[in-house]
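# quick one: sequence plus predicted model below, questions after.
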Amino acid sequence: MSLWNVITLCVLVTEVCSQFQISTRIEDVQPIFRNLPKTFTNFSFNPENFAELPELGDSLCLAKLKKLSQGLQTFNQESIAFFDAAGKPPPGITQGNLLMMGDYDMCMKMKNDSKGYYDHCFVGLPAKLFGFPVEVDWSGCLPYECRIGNEADVIQWIDSILPSYVFSLGTGTLICAETIKFDAGAIAASVCLGLVAFLVVLGTIWYECRPVINSLLTRSPKEDKAVLVDCEENVYDEITSETPPENGHPNIPIPRREPEQTESLFTRVFNCFALQRTFAVLTNTETKPGQILCLNGIRVLSINWIVLGHIYLVFSRLIGDKSYLGTLINRRNMPIILNAFPSVDTFFAMSGFLVAYLLLKQLARSGGPINMGVSKWVAFYVHRYVRLTAPYLMVILVEGFLYRQWVSGPYAFGLDPFNKACKDYWYTNVLYINNMVPWNNSEGCIGQSWYLANDMQFYIIAPIFIILLFWRPLEGVIVTNGVVLSSAITTALITWHYKLGPTSAANSNPDFDWLLYKKPWIRIRPYQIGILGGWIYWKYGQAFQDQVKLMSEWKKVVFAGPLWAATCAIQWAVVFGLYDDINKFDVDHIEPSVADSISYEIFDRIAWPLTLIIQIFLCQCGLGGFINSILSWKGWIVLARLTYSVYLLHIGLISVLLVMMRHPVFLHPDFEMGVLYLGCLMMSYLAAAVLYLSVEQPLAFLETLIYRR
């Protein structure tokens, strides 16, 4: 027997055996399937079975597909490769494995060998499995004649080769791989990346070689007066310099050296990109008295929680054991994943807290908002915009314009909507209005960037409340709380009108995200509570710390113990309180009542930030105990500096891994998802370190050169 005969036998026998295993499994596990036709369990091997297809139409697509099917009888090499690369019913279909994933790499080889005559295509279509409605994904190679406008023909052919007593296919969507052109956006993104890489490499080399170079570029003392201060100064020292931090991120200072007055401006600019300097800032763990160190641990744990939730969300598309979802959802710890949304409110609350605290210190030192001067108010906004936008824009360029150039895989087309959104609406991201433009935005450019838009909008209006709290505390408290109350009422009305669930994990309305999740009038509550917390800490924090120092240890325990217990219990209720609602919705398809949804939506974004601010207050005032020791551990400092970049990058990295997957992902055992999570988390931090060292920190150094003129 020839080699190709052996290969053909292996391919066909594997197909037959997999179907036989399915039937045996069904008869053993599902009594409803005991009356299946005997032909299914007595399926015999015969290559001619694959050519005895029902009568198909006369289109060019179907004619080619039938010819390929008939070619199996003569062991045609092209037919063998075609069917070997095609998706087939996998084992475990009764457990929810309906991903008929073909061999993508074999298909690409066929495409290259045939000079583009074949393409890898995907068909997602509703179907019935033994009479039950399901969603089936099929992928494999298709001839060029089947690419465009031939969905019906392709589905008819797939239906003809699948056992009719097992599958009954409906109308689906055909998507074929496209050759992505290197357009103007990709060129611009490549130029920006190349420029940044050039500056980093040149700056790193320049820093090492500067003794020799400086001797050639020595300037006179008179000329040196115009030279800006050395960029070694760490503008990340947010807490001690009273410059409001971006995204609620407190930062740690590094030792400063005296500026070298003999260095030219040219040298100092390039030194800002030197890895020796940026890496020194990243890895520095020195602290100063008065810094709110517990925020470092909170930031890192919160971003890790966000990544965990997104891992399950993104990979839900490729789950190969969907029947296990019911078991998984029944587990008492699953709300940590399915209801991970308070992790985002944590960042809103911290951002409001720090902006209020630092700006109030600046107002007190300057003698009021008027005495601060126009230049400081301009810097207040420009600093924030520039420091957030530079790394943000770099991520938009890479993910929006280069990912489709770089990434290939069975599901690479899944990146197309985001690629198109970046091309059409990138300006809304740069203007931080992407949470409202377009209005019903569900798949925008950098999907998670809705948070950045909200945070920037809150930052812009924050001085209104902070100045009022500084000048007229009572009125300030009333107005700030009035915004919280107005937001709660608005949330209740929207939830009632659109019959929305308490969370997207227990909601059937597809408009939930843009109605209730991304809009600023819904998300402002944690930020406003953070502003109130920052004001309280600024006004009463030091006096309270002095009182705590006079307390004995047992008094501290008596005072702080109930507060810790109460705040932790409330936070547990916010996360796990929806267990029954989520379980009933996902397993039994019973939606929560409107009253339950309204009550949760009103109080969750008040209770969570309020308890968090209390806990921060306790940690900073000496009542945190071992919890404060954990959250203030110096090891968090380095990772905390990367959390902004991790937030920007992690979903893009997870999505790239998803579209490149050649096999389904299984929820059971937990080890597989655990490996995916830890791997993606590590990749996110490594990519974040690159972004920090090449863009974020060099920009901070350059900003110092400009502001210290």
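Thanks, I have the structure now.

# any weak-confidence spans in the stretch 1-150 of the chain?
Applying pLDDT under 70 to the stretch 1-150 of the chain flags the ranges 1-58, 130-131, 148.

# try 50 this time
By pLDDT under 50, the low-scoring segments of the stretch 1-150 of the chain are 1-54.

# strands along that one, start to end?
Assigned by DSSP state E, counting those that start in this stretch, the stretch 1-150 of the chain shows strands spanning 99-100, 118-129, 132-143.

# now those in CSV, with mean neighbour count and distance to His497?
C-beta here means a position set from N, CA and C on the backbone, and glycine is covered the same way. What follows is the strands of the stretch 1-150 of the chain, written out as CSV (neighbours: other C-beta atoms under 10 Å; distance: least, C-beta to C-beta, whole Å):
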stretch, mean neighbour count, distance to His497
strand 99-100, 22, 38
strand 118-129, 20, 30
strand 132-143, 20, 30
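
# distance to Trp564 added to those, as JSON lines?
Converted to JSON lines, the strands of the stretch 1-150 of the chain look like this (distance: least, C-beta to C-beta, whole Å):
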{"stretch": "strand 99-100", "distance to Trp564": "46"}
{"stretch": "strand 118-129", "distance to Trp564": "49"}
{"stretch": "strand 132-143", "distance to Trp564": "46"}
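
# of all the ones you listed, which lies closest to Leu60?
In terms of C-beta to C-beta, the element of the strands of the stretch 1-150 of the chain nearest to Leu60 is strand 132-143, at 8.5 Å.

# let's see stretch 601-612 as PDB, backbone CA atoms only.
Provided in PDB are the C-alpha atoms of stretch 601-612 (Å, rounded to 0.1, in the frame of the first residue of the first chain):
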ATOM      1  CA  GLU A 601     -26.800  48.700  41.300                       C
ATOM      2  CA  ILE A 602     -27.500  51.500  43.700                       C
ATOM      3  CA  PHE A 603     -25.500  50.300  46.600                       C
ATOM      4  CA  ASP A 604     -22.600  48.300  45.200                       C
ATOM      5  CA  ARG A 605     -20.700  51.300  43.900                       C
ATOM      6  CA  ILE A 606     -21.200  53.100  47.100                       C
ATOM      7  CA  ALA A 607     -20.500  50.300  49.600                       C
ATOM      8  CA  TRP A 608     -17.300  49.100  47.900                       C
ATOM      9  CA  PRO A 609     -15.400  52.400  47.600                       C
ATOM     10  CA  LEU A 610     -16.600  53.600  51.000                       C
ATOM     11  CA  THR A 611     -15.300  50.500  52.800                       C
ATOM     12  CA  LEU A 612     -12.100  50.700  50.800                       C
END
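
# Glu628 contacts Cys621, correct?
One thing to correct before we go on: residue 628 is Asn, not Glu. No. Asn628 lies out of contact with Cys621 (C-beta atoms under 8 Å); the separation is 9.6 Å.

# re earlier: closest one to Val430 among the strands of the stretch 1-150 of the chain?
Closest among the strands of the stretch 1-150 of the chain, once you apply C-beta to C-beta, is strand 118-129, at 32.8 Å.

# name the helices or strands packed onto the closest one?
Under the contact definition 3 or more C-beta pairs under 8 Å, 6 or more residues apart in numbering; DSSP states H and E, strand 118-129 sits against helix 104-113, strand 132-143, helix 151-161, strand 167-169, strand 173-176.

# quick one: low-confidence ranges for the stretch 251-400 of the chain?
251-261.

# now do the helices in it.
Along the stretch 251-400 of the chain, counting by DSSP state H, counting those that start in this stretch, helices occupy 265-271, 275-283, 294-315, 324-330, 335-338, 342-366, 374-401.

# reformat the ones you listed as JSON lines; add mean neighbour count and distance to Thr173.
Listed next are these as JSON lines, based on neighbours: other C-beta under 10 Å; distance: least, C-beta to C-beta, whole Å:
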{"stretch": "helix 265-271", "mean neighbour count": "19", "distance to Thr173": "52"}
{"stretch": "helix 275-283", "mean neighbour count": "18", "distance to Thr173": "46"}
{"stretch": "helix 294-315", "mean neighbour count": "22", "distance to Thr173": "20"}
{"stretch": "helix 324-330", "mean neighbour count": "16", "distance to Thr173": "24"}
{"stretch": "helix 335-338", "mean neighbour count": "20", "distance to Thr173": "28"}
{"stretch": "helix 342-366", "mean neighbour count": "23", "distance to Thr173": "32"}
{"stretch": "helix 374-401", "mean neighbour count": "18", "distance to Thr173": "24"}
